[in-house]
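Chemist: Sharing a model prediction with you, sequence too.
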Amino acid sequence: MSDSALAHLIELPGTINLRDIGGYHTRDGHTIRKHKLYRSGLITYMPEAVQQHLLEIGLNTDIDLRQPADRSKAPDVELPGVAYHNLSLYPFADHPHFMMKFRLASKAAHFTLARDSYRYMATDPRTAKMLRKVIQLLVQNETGATLFHCFAGKDRTGVVAMLIEGLLDVPEKVAHQDYIVTNDILMDRFTGDQAAADLPMTNRMVMGMNSQPADDSYFEAVQTVVKQYGGWPAYAKEHLDLTDSDIKDLKRLYLE
């Protein structure tokens, strides 16, 4: 467990795995601004006091990484003045039957399939469009704070956090700690295919993914793909079709 990564956890009623990315240091001596970038799991059941708190700290953009069908089961709280964007990272264009394959696989095979899903999130052309839109939304948000989330704040959220931290030049070791700390925060809330009582059921593939602990090899699956491009900036430009200006603006807005 990383105490420094765990310190970013924000424990508020009705939230799951809610964290402020702000405070992490970059390789060149900058720091990610606090109260600007939040990662989370489900935000469906936030009480009014928590909703008001998020508005008071400047939240104006909500990026939901779940599939539309999952969103319909547990829709995000609608907050006044907060723009909602559904940018689902599933399904994969290059592996259209992956979700069915995962659902039908034995539990023993889930570990390997989960690792495959991380690699696909880093390589799939449809997912690339969604990741590009995430960064573009962050660049467009000149004044407020953005929250991005999935069901548990672990896999899809974890990959988006890797991308953001990579482009902001957070050291790989620190990004890994931010990813792996999910185990300390979350994994006791899942037992097999059944969510804990305070979480609604979602599709079986997502529940199967969430039943797998955040693992070093999953993190490494993404890092390996990125390193084939020569690093995060090259990956973002060549695979996500982002520009030097996008990356420069991201750093301008979110680093101090």
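Modeler: Nice, I can see it.
Chemist: Look up how far residue 153 lies from the residue nearest to residue 170 when sequence neighbours are not counted.
Modeler: Spatial nearest neighbour of residue 170, excluding adjacent residues (Cβ to Cβ, 6 or more residues apart in numbering): residue 24 at 5.1 Å. Yep, even glycine has a C-beta here, placed from its N, CA and C like the rest. Computed with Cβ to Cβ, to the nearest Å, the distance linking residue 24 and residue 153 is 16 Å.
Chemist: Tell me which of those two has more neighbours.
Modeler: In this view residue 24 and residue 153 are compared by other Cβ atoms under 10 Å, and residue 153 has more residues nearby, 27 against 22.
Chemist: secondary structure class for that one?
Modeler: coil (DSSP: H, G, I helix; E, B strand; the rest coil).
Chemist: Hmm, it is touching residue 10, no?
Modeler: No: contact status for residue 153 versus residue 10: not in contact, 11.4 Å apart, counting by Cβ atoms under 8 Å.
Chemist: Name the residues contacting each of the two.
Modeler: Common neighbours of residue 153 and residue 10, using Cβ atoms under 8 Å, 6 or more residues apart in numbering, are 18, 19.
Chemist: Low-confidence ranges, the chain, go.
Modeler: For the chain, residues meeting the criterion pLDDT under 70 lie at 1-3, 187-211.
Chemist: centroid residue for it?
Modeler: In the chain, the residue lying closest to the centroid (Cα atoms, centre = their mean) is residue 157, at 1.3 Å.
Chemist: mind saving the C-alpha coords of the one helix or strand that one maps to as PDB?
Modeler: Here residue 157, judged by DSSP states H and E, is contained in helix 156-167. Extracted as PDB, the C-alpha positions of helix 156-167 are listed here (Å, rounded to 0.1, in the frame of the first residue of the first chain):
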ATOM      1  CA  ARG A 156     -11.400   2.200 -17.300                       C
ATOM      2  CA  THR A 157     -10.800   5.000 -14.900                       C
ATOM      3  CA  GLY A 158      -7.400   3.600 -14.200                       C
ATOM      4  CA  VAL A 159      -6.400   3.700 -17.900                       C
ATOM      5  CA  VAL A 160      -7.600   7.200 -18.300                       C
ATOM      6  CA  ALA A 161      -5.700   8.200 -15.100                       C
ATOM      7  CA  MET A 162      -2.500   6.600 -16.600                       C
ATOM      8  CA  LEU A 163      -3.000   8.700 -19.800                       C
ATOM      9  CA  ILE A 164      -3.500  12.000 -18.000                       C
ATOM     10  CA  GLU A 165      -0.600  11.400 -15.500                       C
ATOM     11  CA  GLY A 166       1.600  10.200 -18.400                       C
ATOM     12  CA  LEU A 167       1.000  13.300 -20.400                       C
END
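Chemist: could you point out which element follows it?
Modeler: Later in the chain than helix 156-167, the nearest helix or strand by DSSP H and E is helix 172-180.
Chemist: Flag every buried residue along the following helix or strand past that following helix.
Modeler: Per DSSP H and E, the first helix or strand lying C-terminal to helix 172-180 is helix 182-186. Neighbour-count burial for helix 182-186 flags 182, 185, 186 (criterion: 16 or more other Cβ atoms under 10 Å).
Chemist: Could you report the separation of residue 216 from residue 47?
Modeler: 36 Å.
Chemist: Would you quantify the distance from residue 12 to residue 40?
Modeler: Computed as Cβ to Cβ, the residue 12 to residue 40 distance reads 10 Å.
Chemist: Report the set of residues contacting both of those two.
Modeler: residue 18.
Chemist: and residue 118, what does it touch?
Modeler: Contacts for residue 118 (Cβ under 8 Å, 6+ apart) come out as 155, 159, 218, 219, 221, 222.
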